[in-house]
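J.: Okay, here's the prediction I keep looking at, along with the sequence it came from:
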Amino acid sequence: MKDSLRSTQLALSLLATAAACLGCSDDPSLGTIVAGVGPGGARPPLAVANGWASVWPGDATKVTNGGNDADRAHTYVVTTRMGLVKALYPDAVVADNGTFTSVKGPDKTPKLIYVRGTISLNTNKAGKELTLEDHACEGYDFAAFKAAYEPREWNKQPLVDDAPPPIPACPGSQEELRNCSRARQRAVVELRVGSNTSLLGLGDDARIIHGGIVIGGTVPRPPAPPLPEGTPPPTPTIDPELAAACGIDPGPPPEPAAEPAAPAPAPSTDPVAENVIVRNISFEDAYDMFPAWDPTDSYSTPPDVVDPEDLLDPKCQATFDAPSDNGPHQCPGGRWNSEYDNLRVQNATHVWIDHCAFNDGDRESQSATSVWEAPYDGHANRKETHDGVLDINGFADFVTVSNNIFMNHDKVMLIGGSDTVRQTNGWGALSVTVDHNRFIGVGQRVPRVRFGKVHVYSNYVEGTLGPSISVPADRAKPWPRNPMGSGLGVGHLAKVYSENNVYALTAYAGDSAPNEEDVVVTQHRAAPTTGTTPDVNERTYFFDSGTMLNGVPTDLMVSVPQQAARRNQPELLPTGDVWTPSATYSYTPTPTAGLKSALEASAGPGKL
């Protein structure tokens, strides 16, 4: 009641100031509009988070309310990237190319930032949309990049750990220039959001496109201690491993320090940002103009000699043989990997993402084709220019993702970035609620979970499966526009609690009907039984009730453990052994019978 009253009072205050703002300038050099909603869309209601985002251990009086406590001076309406930059970073100094510097970083003062219309993050100070040529470092050329790293040639080299050698960023190489170009793009298209912020869309057409919003971000490194007076700066050196890979002289080793270096400080797990709300916005097309080709990613381990029984790869073998053209260059594998999530929660806590939409816009990666020749021309080898749409990683914690629409994208939601077990990578954190979302035409990670206590309930998933590949002719099958590979991923040491989710999946023409492995895929492995790492004797947990697959109740508590056994993975234990959502917060699952129609009416922007 108190929050509702305060919301009404603030609404009246904003509307009272709106008339004074009707003629406000949105000059990109000024950056922001003064407080006031004015025309262009109704103001979404203020609210506080539910689910895991509402849990404040040790202080039951606290709530996740974002910028609800903002005063008039910290209430903004923005329509351009410059406006958004100045609202997030009041001290920002912006260069003509759109990059900016900020001494203080993202402002932590409670603030309400209203987004009106479409904001492209890929613009310069004057608001001009930037191109690949604007970001590219001198000498970068994609045709030259393709020629340098064509896998049909690159993969003829001797294998390293059963895979082709990785591509080194040798000085002056196309890979170094690609990295340089990507860094230039990143400096423009990624914006970080700080604590006590609400980012809210006005009306039903607020969009943030062509870049990524990061809630939190990387942990700031402590500054290096100053060199003693009169000490010359250290001579730049080339990393010995890089020098060896590039066949160049690394130069003389650095001089030993006069005094032993001070021990590095322990990595911090203090939140980079906390108490953030994002609502009522469409996030589209976080496009990476300079994706990386990794020849080692998903590379198939080749036999020592050609295996005539291997119908998919009849010329694949570990060593290149020129007369027969057999060799590792005939073995499938390699992936394009891109940067930029539409929205990322990184090292941040108490975050609520609600009534938003996420997609690739007009440049869907799932519809792209490969740039290589066979056997690197399959659907998995397509040029990937988008990463996740909403990833939650680092030591992010207490996050709720609710009432959103995820559409036409491959890698949807990754919770936990890798299997490395440490606090800074999410061990002991990553408590996330994923509820009442629609997933339409998505590929995988719905979500994919590592480590965290993740509650997935009352979500609706609809998609068409890709074709099964069992004989060479299958590789020529046309793929659906947005094929689905898998749904919920139970990863390393996850603690997943799933309830009342509905899957409406269509099999590829001629293939068998969708089954439980299309709904849940086990991706965990065994933890050590000895040692001192925090994962010793730890287990992976899974629970499900109420799941419906194509209108039929599905007992995942039987099929998922069976799947793990077939894959020689460790036994899955019931999540209730360590955690239940009902003991943590209050919630009400929606009955599966009416879930589709309920979410069609309520999920996404414009439905508040």
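T.: Arrived safely. Numbering: from 1, shown residues only.
J.: use CA for all of it now, contacts and neighbours both
T.: Will do.
J.: Tell me how the protein divides into domains.
T.: Using automatic domain parsing, the domain ranges for the chain come out as 1-220+238-250+271-299+349-354, 304-333, 426-608.
J.: Take those domains and lay them out in CSV including distance to Asn393, mean pLDDT and mean neighbour count.
T.: As requested, those are exported to CSV (distance: least, C-alpha to C-alpha, whole Å; pLDDT from 0 to 100; neighbours: other C-alpha atoms under 10 Å):
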stretch, distance to Asn393, mean pLDDT, mean neighbour count
domain 1-220+238-250+271-299+349-354, 10, 87, 19
domain 304-333, 26, 90, 18
domain 426-608, 7, 96, 19
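J.: Compare those and give me the one nearest Leu414.
T.: domain 426-608 (5.1 Å; C-alpha to C-alpha).
J.: so how far is the first residue of that closest one from its last?
T.: In domain 426-608, first residue to last residue: 32 Å (C-alpha to C-alpha, to the nearest Å).
J.: from the middle of its chain, how far away would it be?
T.: 17 Å (C-alpha atoms, centre = their mean, to the nearest Å).
J.: follow-up on the earlier one: between the domains of the chain, which gets nearest to Val412?
T.: domain 426-608 (5.3 Å).
J.: Pro302 reaches Ala318, doesn't it?
T.: Yes. When contacts are counted by C-alpha atoms under 8 Å, Pro302 is listed as touching Ala318 (5.2 Å).
J.: With Val351 as the reference, measure out to the most far-flung residue of the chain relative to its centre.
T.: Going by C-alpha atoms, centre = their mean, the residue of the chain most distant from its centre is Gly230, 45.8 Å out. Using C-alpha to C-alpha, Gly230 is found at 48 Å from Val351.
J.: do the same with Gly201
T.: For Gly201 relative to Val351 (C-alpha to C-alpha), the value is 16 Å.
J.: same thing with Ala147?
T.: Ala147 sits 44 Å away from Val351, going by C-alpha to C-alpha.
J.: And Asp377, by the same measure?
T.: 40 Å.
J.: Which helix or strand contains the residue farthest from the centre of the chain?
T.: Per DSSP states H and E: Gly230 is located in neither a helix nor a strand.
J.: Tell me the confidence at it?
T.: At Gly230, the predicted lDDT confidence score is 79.
J.: My read is that Met548 contacts Asn501, right?
T.: Yes. Assessed by C-alpha under 8 Å, Met548 is found in contact with Asn501 at 6.4 Å.
J.: any idea whether Asp544 is helix, strand or coil?
T.: For Asp544, the assignment made with DSSP: H, G, I helix; E, B strand; the rest coil gives strand.
J.: which residues touch it?
T.: Asp544 is in contact with Tyr497, Ser498, Glu499, Asp555, Leu556, Met557, counting by C-alpha atoms under 8 Å, 6 or more residues apart in numbering.
J.: Make sure the last one is actually in contact with Phe543.
T.: If I follow you right, that is Met557. Yes. Counting by C-alpha under 8 Å, Met557 sits close enough to Phe543 to count as a contact (6.6 Å).
J.: Could I get the full set of strands for the stretch 201-350 of the chain?
T.: Under the criterion DSSP state E, counting those that start in this stretch, the stretch 201-350 of the chain contains strands at 207-209, 212-216, 273-279, 282-284, 292-294, 335-337, 343-346, 348-354.
J.: can you list those strands in CSV and add distance to Lys453?
T.: Listed next are these as CSV, based on distance: least, C-alpha to C-alpha, whole Å:
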stretch, distance to Lys453
strand 207-209, 30
strand 212-216, 20
strand 273-279, 19
strand 282-284, 26
strand 292-294, 32
strand 335-337, 28
strand 343-346, 16
strand 348-354, 14
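J.: closest to Arg182 out of those strands?
T.: Comparing the strands of the stretch 201-350 of the chain under C-alpha to C-alpha, the one sitting nearest is strand 292-294, at 9.5 Å.
J.: The closest one: partners in the sheet, and parallel or antiparallel?
T.: Strands that pair with strand 292-294, judged by DSSP bridges, come out as strand 335-337 (antiparallel).
J.: From the chain's centroid, how far away is the strand it pairs with?
T.: 15 Å.
J.: Make 54 the starting number, not 1.
T.: Understood, numbering begins at 54; the last thing we discussed is strand 388-390.
J.: quick one, helices of the stretch 154-303 of the chain?
T.: Shown for the stretch 154-303 of the chain, the helices assigned by DSSP state H, counting those that start in this stretch span residues 185-188, 195-202, 204-207, 227-242, 293-299.
J.: which helices and strands sit right next to the second one?
T.: Think helix 195-202. helix 227-242 (3 or more C-alpha pairs under 8 Å, 6 or more residues apart in numbering; DSSP states H and E).
J.: Go ahead and name everything in contact with the helix it packs on.
T.: Helix 227-242 is contacted by residues 151-152, 174-177, 188-194, 197-198, 201, 220-223, 263-265, 341-343, 345 when judged by C-alpha under 8 Å, 6+ apart.
J.: same thing but at 7 Å, please
T.: 151-152, 174-175, 188-190, 193, 198, 222-223, 264-265, 343 (C-alpha atoms under 7 Å, 6 or more residues apart in numbering).
J.: What of stretch 263-281?
T.: Against stretch 263-281 from outside (C-alpha under 7 Å, 6+ apart): 173-175, 242-247, 325-326, 337-340, 393-401.
J.: Start and end of it, how far apart?
T.: Termini of stretch 263-281 sit 45 Å apart (C-alpha to C-alpha).
J.: Report the distance from that stretch to the chain centre.
T.: On C-alpha atoms, centre = their mean, the centre of stretch 263-281 falls 19 Å from that of its chain.
J.: Tell me where this structure has helices.
T.: 55-71, 134-141, 185-188, 195-202, 204-207, 227-242, 293-299, 569-572, 609-619, 648-655 (DSSP state H).
J.: Remind me what the last one packs against, helices and strands.
T.: Put plainly, it is helix 648-655. Of the remaining helices and strands, none touches helix 648-655 by 3 or more C-alpha pairs under 7 Å, 6 or more residues apart in numbering; DSSP states H and E.
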